[in-house]
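Participant: got a sequence here, can you build the structure:
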Amino acid sequence: MEPERTPLQLVHLLRGLTVELDLFGAEFAARNGLHPTDLRALIHLLDAARAGTVVTPGRLGEALGLNSAGTTGLVDRLERLGLIRRERDPGDRRKVRLLVEERAVELGQGFFGGLIADLVAAMGAFGDAELAVARRFLEAMTEVVATARAE
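Facilitator: Coordinates of the predicted model:
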């Protein structure tokens, strides 16, 4: 097998992409006075909103590996910055859910919008079948990492 086609080379390419995306995200965080965990929280909340999933402070803390005090500090900080809000769950008034404010969406679109457009444009060089394989590959790799992290 040619060296550039080995599975280990794909692992290195994934790592390189992850580093580049992390650096890009760190620049967004720095420009907006955010900690990297703040950005991870916003991404988690945005992904949940797209999936129609309700996120409580407890679920957010669990997803980010934070204790209760750390989660409260994070939520307080993001709320103070006008990026999220707490809202009583209409189905169970005892629960609080976290919602992303439009300001956070606008900040993200302003910073990441060009990159997303460039990524989508680059995908235009690939056919539907190739993109389906890439999707399956990335989902499988994400699951492997998530499982390893949970162990």
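
Participant: who's D89 bridged to?
Facilitator: Using DSSP bridges, the beta-bridge partners of D89 come out as D92.

Participant: isn't it up against V54?
Facilitator: Yes. D89 is within contact range of V54, at 6.8 Å (criterion: CB atoms under 8 Å). Where C-beta positions appear, they are placed from N, C-alpha and C, glycine not excepted.

Participant: tell me the residues that contact both of these two, please.
Facilitator: R97 (CB atoms under 8 Å, 6 or more residues apart in numbering).

Participant: and the helices in the protein, which stretches?
Facilitator: 7-31, 36-51, 57-64, 68-80, 102-123, 128-150 (DSSP state H).

Participant: which one of the ones you listed lies nearest to K95?
Facilitator: helix 57-64 (9.3 Å; CB to CB).

Participant: got the helices of the chain as JSON lines, with mean pLDDT columns?
Facilitator: Shown next, in JSON lines, are the helices of the chain (pLDDT from 0 to 100):
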{"stretch": "helix 7-31", "mean pLDDT": "95"}
{"stretch": "helix 36-51", "mean pLDDT": "95"}
{"stretch": "helix 57-64", "mean pLDDT": "95"}
{"stretch": "helix 68-80", "mean pLDDT": "96"}
{"stretch": "helix 102-123", "mean pLDDT": "96"}
{"stretch": "helix 128-150", "mean pLDDT": "96"}
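
Participant: for these, give me JSON lines that also has distance to R93.
Facilitator: JSON lines is the format used below for the helices of the chain (distance: least, CB to CB, whole Å):
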{"stretch": "helix 7-31", "distance to R93": "34"}
{"stretch": "helix 36-51", "distance to R93": "20"}
{"stretch": "helix 57-64", "distance to R93": "15"}
{"stretch": "helix 68-80", "distance to R93": "18"}
{"stretch": "helix 102-123", "distance to R93": "25"}
{"stretch": "helix 128-150", "distance to R93": "32"}
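
Participant: R94 is nearest to which of the ones you listed?
Facilitator: Nearest of those (CB to CB): helix 57-64, 12.3 Å.

Participant: got the CA coordinates for that closest one in CSV?
Facilitator: The C-alpha trace of helix 57-64 is given here as CSV (Å, rounded to 0.1, in the frame of the first residue of the first chain):
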residue,chain,number,x,y,z
PRO,A,57,-27.6,23.1,32.5
GLY,A,58,-27.0,19.6,33.8
ARG,A,59,-26.9,18.1,30.3
LEU,A,60,-24.6,20.8,29.1
GLY,A,61,-22.2,20.2,32.0
GLU,A,62,-22.3,16.5,31.4
ALA,A,63,-21.5,16.9,27.7
LEU,A,64,-18.6,19.2,28.4
